[in-house]
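Visitor: coords please:
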Amino acid sequence: MSYKQIKWMILIIPTLAVGIWEYARHAFLMPYISMKVGNFLTPVFLFFISMTLLSMLFRRLEQVQEELNRERAEKAALEERDLLARELHDGIAQSLFLLSVKMDRAESRGRGARESADFQELRKSVHEVNRYVRQAIANLRYPESPEEGEYQASMRSRIELTAKETLIQPWIEWSIPDAALSAKEKVELLACIREALLNIHKHAHATKVTIKGTLDGRGWTVFVDDNGRGIHTDPFHLKDRYGLRIMKERAEELGWKMLILPMQRGSRVEIRKEAHNH
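Guide: This is a model prediction of the structure:
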């Protein structure tokens, strides 16, 4: 019942109740109830009717206040996250970009194959750090509240946005309900998918990418498949694949299993959470 309805009930019902009571008392109950008793019962009835309606109003006001406090807390948290994301973007991300430009200039003045190789390694490291910072910025811009509500995007729409950021247009088959994932799991799973797409974009030279999420009685599984060059060795031990190692660590911290498997054409990243994992 809305606040407005309760307000009108408080204004109307006690008046009607007293009017009906007084009419019935004088018309039908005078032989049975004395004037003194009737006068005593009138304010008693009015008190109980008013208290019943007012208790409904107070409960409704408490609910409204709780909702308002929750919305304020959520808004404050979102503002803090957005502020931190802007500070990361305006500070660290831009500094890393400037550092990359300076390294390019220094490399152009460098001499010898050894110096060139060192610059290549440094540039890769800077690019990796820059990518992780931008990933952190993107994660901060997604609310982590466990109450998804109306203000938070679905996982499928997040994945579509992530694919656009990585310049990949995948085929998405997603049947994992948002309720099956906690807020932390959504953030970490999205980061893993983003890393997988970035690696496909950088190394696989694929023309087709599929992201599939399924849920069954054993848990959920996410596949990221591509038809690129495939893998011929353990990618987690390659020296320039820091992102893959971090992605695997993310999964293992949450009790997920993560595999990178060769296929007949291309490769597959598989992330799986079994039902007994929490």
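
Visitor: And the helices in this protein?
Guide: 3-24, 35-88, 94-109, 113-140, 155-165, 183-199, 242-253 (DSSP state H).

Visitor: CSV for the ones you listed, including mean pLDDT?
Guide: Shown next, in CSV, are these (pLDDT from 0 to 100):
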stretch, mean pLDDT
helix 3-24, 81
helix 35-88, 80
helix 94-109, 71
helix 113-140, 69
helix 155-165, 87
helix 183-199, 86
helix 242-253, 78
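
Visitor: what's the most buried one of those?
Guide: Most buried of these by mean neighbour count (mean count of other C-beta atoms under 10 Å) is helix 183-199; its value is a mean of 21. C-beta coordinates here come from the backbone N, C-alpha and C atoms, glycine included.

Visitor: just checking, what packs against it?
Guide: helix 113-140, helix 155-165, strand 219-226, helix 242-253, strand 267-274 (3 or more C-beta pairs under 8 Å, 6 or more residues apart in numbering; DSSP states H and E).

Visitor: rewinding a little: make CSV out of the helices of the chain and add distance to Ile271.
Guide: Shown next, in CSV, are the helices of the chain (distance: least, C-beta to C-beta, whole Å):
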stretch, distance to Ile271
helix 3-24, 47
helix 35-88, 25
helix 94-109, 28
helix 113-140, 16
helix 155-165, 13
helix 183-199, 6
helix 242-253, 6
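
Visitor: quick one, which of those is nearest to Phe223?
Guide: helix 183-199 (9.8 Å; C-beta to C-beta).

Visitor: how far is that closest one from where the chain is centred?
Guide: 12 Å (C-alpha atoms, centre = their mean, to the nearest Å).

Visitor: just the angle between that helix and helix 155-165, please?
Guide: Between helix 183-199 and helix 155-165, the angle comes out at 30 degrees (axes from the mean of the first three to the mean of the last three C-alpha atoms, to 10 degrees).
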